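Asker: Show me how the following folds:
(one chain, ligands or ions: 2)
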Amino acid sequence: MTSVAWFMANLGTVLGAGICALVFAQLAIQFLRATEEMLYQRNLHRLRLDEIAQRVQQIRQQHLSHRHSTGHWDGWRKFEVQQKVIESAGCCSIYLVPHDGRPLPSFLPGQFLTFAVKFPGEARPVVRCYSLSDAPGKGYYRCTIKRVDAPDDEPQAPAGRVSSYFFDELAAGDIVDVRAPSGAFFLDIQRHRPVVLIAGGIGVTPLLSMLYAVVDGAPHREVHFFYGVQNSRYHTFREAIAALCERSVHVHLHTCYSRPTPTDVREVDYHHEGRITPELLRRSLPSNNFDFFVCGPPAFMQSILDGLRGWNVPEDSIFTETFGPACVSPRRHAATQATSAQVRFDRSGKTADWNPHFATLLDLAEAQGIPIDSGCRTGNCGTCLTAIKAGCIEYVDSPATAPPDGSCLPCICAPASDLVLDA
Ligand SMILES: Cc1cc2nc3c(=O)[nH]c(=O)nc-3n(C[C@H](O)[C@H](O)[C@H](O)COP(=O)(O)OP(=O)(O)OC[C@H]3O[C@@H](n4cnc5c(N)ncnc54)[C@H](O)[C@@H]3O)c2cc1C
Ligand code: FES
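Answerer: Ligands and ions are numbered 1, 2, ... in the order given. Predicted structure coming up:
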C-alpha cells in the first residue's frame with residue numbers, strides 16, 4: 001500500500017491523534033499559565049508580607065528611636081539634683097536632670113513625677129508624687145516640695161518622711177529614682193476657653209506650670225489666678241507669678257492672705273484678706289463660663305467645689321487634683337460594689353471581711369497589716385498595681401490609665417464580689 005493509500009485509510013485516527021495532541025497542548029499551556037500565576041501571586045504575597053514586616057520593623061525602630069531621642073522611659077530612671085532652692089518658709093524646689101545624660105521628654109502642664117526614696121535599713125522604698133512646677137520644655141524638671149509637719153492634734157508624731165527628707169537632707173549632686181511624668185490633671189493648651197486656676201498653699205505647683213504654659217503658648221487666653229496662702233512668709237513663687245502677669249494683660253491675679261503679718265501691705269503683697277471663698281470667686285469673675293482648675297488642701301477643695309456646684313458650673317468644667325487620698329466629695333458607691341465580701345490576700349495568707357466602712361481595698365489591706373506599695377493613692381501613679389486571682393472589682397474613682405486586664409489599683413477600687421488578690 002502506498003503511503004497515500006495508508007494515510008487515507010487511517011485519516012480518522014491521524015485526525016483524532018492530532019486533535020488530542022492539540023487539546024493536551026492547550027491543557028498543558030493552561031496548566032503552566034495557572035502554575036505561573038500561582039507562583040507569581042505567592043511571590044507577590046511573600047513580597048507583601050516582607051514589605052509589611054519591614055514596615056512594622058521600621059515603625060518599631062522609629063518608635064524606639066523616637067522614645068530614645070525624646071528620652072521617654074518606663075519604670076525608674078536616675079536623676080541628679082542639679083540645684084536646690086529655698087522658695088519660702090518650709091518649701092524648696094529641686095531641679096532634676098537625667099543622670100544618663102539622655103534627653104528629657106516634655107510633659108503636660110499639671111502633671112507630676114513619682115519618686116522612690118530608699119531609707120537606710122528599709123527593704124522597700126517610700127513612693128511619693130510631686131507636681132512639676134515649672135514650664136514644660138526646659139532642660140530640667142522642677143518639683144517644689146513643702147515640708148509636712150506633724151498634725152496639730154498629734155504634735156509628737158514624726159514629720160512627713162519624704163517631704164522632710166527632701167527639705168532637710170537632699171542636696172545638689174544627690175541621685176533620686178523617678179518615674180516619667182504622668183497624671184490626668186493637666187491644662188489642654190489647644191483649647192481657647194478662659195480658665196480659672198485656684199490654688200491653696202502648696203497646691204500652687206501644678207497650677208503655676210499651667211500658668212507658664214498659657215503665657216508662653218497662648219498669651220491671649222484669659223486666666224484668673226486665685227492663690228491663697230497664710231502670709232508673705234509662705235508666699236511661694238511671688239516674683240515668678242508677678243513676672244508672668246507682667247507678660248500678659250489677660251492674666252488676672254487674686255492673691256489672698258488668710259493671716260497677713262503686721263508688715264504685709266494690701267495691694268502690694270496681696271489683694272484680699274481671708275481665704276479664697278466661693279463668694280470671692282463670684283465677686284471677682286464676670287461669669288461662671290470658665291474651665292476651673294482647683295488644687296489645695298481637702299477642706300479648701302471641698303468648700304470651692306461646693307461653691308462652684310452651687311453656682312451651676314457644669315461638672316465637666318471642673319478639674320481637681322488632691323495631694324493625697326481623695327478627701328473631697330465622699331467617694332461614690334458604685335452600683336455593683338459589694339456591701340459585704342471576703343477578700344483573700346493570697347501571698348500574705350490572710351482573709352478579711354469587706355464592708356463599705358473601708359473606702360478602698362488598699363484601706364482594707366492596710367487595716368490587716370498587708371503591705372501593698374502605694375504612692376499617690378489616687379489612681380494616678382500605678383504603684384499599688386496588684387493582680388486579681390479571682391473575683392471582680394469596681395472602681396470608685398477613675399484610674400488615670402486603665403490597668404492591664406487581670407489587675408487593679410487597690411487605692412481606688414472596692415470588691416464587687418468575693419475576691420482573691422495577689423498581695
Ligand atoms: C498627684 C500628687 C501631686 C503632689 N504634688 C505635690 C507637690 O507639688 N508638692 C508637695 O509638697 N506635695 C505634693 N504632693 C503630696 C506629696 O506626695 C506627699 O503626700 C507629701 O509630701 C507628704 O508626704 P511625706 O512622706 O512627707 O509625709 P508622710 O510620711 O506620708 O506623712 C503624712 C502626715 O502624716 C503624719 N504622720 C506620720 N506618721 C504618723 C504617725 N505615726 N502618727 C500620726 N501622724 C503621722 C506626718 O506628720 C504628716 O503630717 C502631691 C501628691 C500627689 C498625690
Ligand atoms: S497608689 Fe498610685 S495608683 Fe494606687
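
Asker: Run through the chain and note the low-pLDDT ranges.
Answerer: 1-4, 6-7, 44-70, 324-337 (pLDDT under 70).

Asker: Output the longest strand belonging to it.
Answerer: Assignment by DSSP state E gives strand 77-88 as the longest strand of the chain.

Asker: What lies in contact with that strand?
Answerer: Strand 77-88 is contacted by residues 92-100, 140-141, 144, 170-180, 233-237 when judged by Cβ atoms under 8 Å, 6 or more residues apart in numbering. (Glycine included, C-beta is placed from N, CA and C.)

Asker: Tell me the strands beside it, with direction?
Answerer: strand 91-98 (antiparallel), strand 175-182 (antiparallel) (DSSP bridges).

Asker: so of the ones you listed, which one's packed in deepest?
Answerer: strand 91-98 (a mean of 20; mean count of other Cβ atoms under 10 Å).

Asker: export that strand as CSV, just CAs?
Answerer: Output of strand 91-98 as CSV, limited to C-alpha atoms (Å, rounded to 0.1, in the frame of the first residue of the first chain):
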residue,chain,number,x,y,z
CYS,A,91,9.3,75.0,101.0
CYS,A,92,12.0,74.2,98.5
SER,A,93,12.4,73.4,94.8
ILE,A,94,14.6,70.7,93.4
TYR,A,95,15.9,70.9,89.8
LEU,A,96,16.5,67.5,88.3
VAL,A,97,18.5,66.4,85.2
PRO,A,98,18.8,62.8,83.9
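
Asker: What's the first helix or strand after it?
Answerer: Using DSSP states H and E, the helix or strand that directly follows strand 91-98 along the chain is strand 112-117.

Asker: Now do the helix or strand that that next one is followed by against strand 112-117, angle only.
Answerer: Downstream of strand 112-117, the first helix or strand assigned by DSSP H and E is strand 126-131. Orientation of strand 126-131 against strand 112-117 (axes from the mean of the first three to the mean of the last three Cα atoms, to 10 degrees) gives an angle of 150 degrees.

Asker: near ligand 2, anything from strand 126-131?
Answerer: No. If you take Cβ under 6 Å from any ligand atom as the test, strand 126-131 misses ligand 2, and the best it gets is 7.4 Å.

Asker: ok, Asp353 - contacts?
Answerer: So Asp353 contacts 340-343 (Cβ under 8 Å, 6+ apart).

Asker: Swap in 7 Å and give it another go.
Answerer: 340, 342 (Cβ atoms under 7 Å, 6 or more residues apart in numbering).

Asker: The stretch 101-250 of the chain against ligand 2: which residues are in contact?
Answerer: Contacts of the stretch 101-250 of the chain with ligand 2, taken as Cβ under 6 Å from any ligand atom, are absent.
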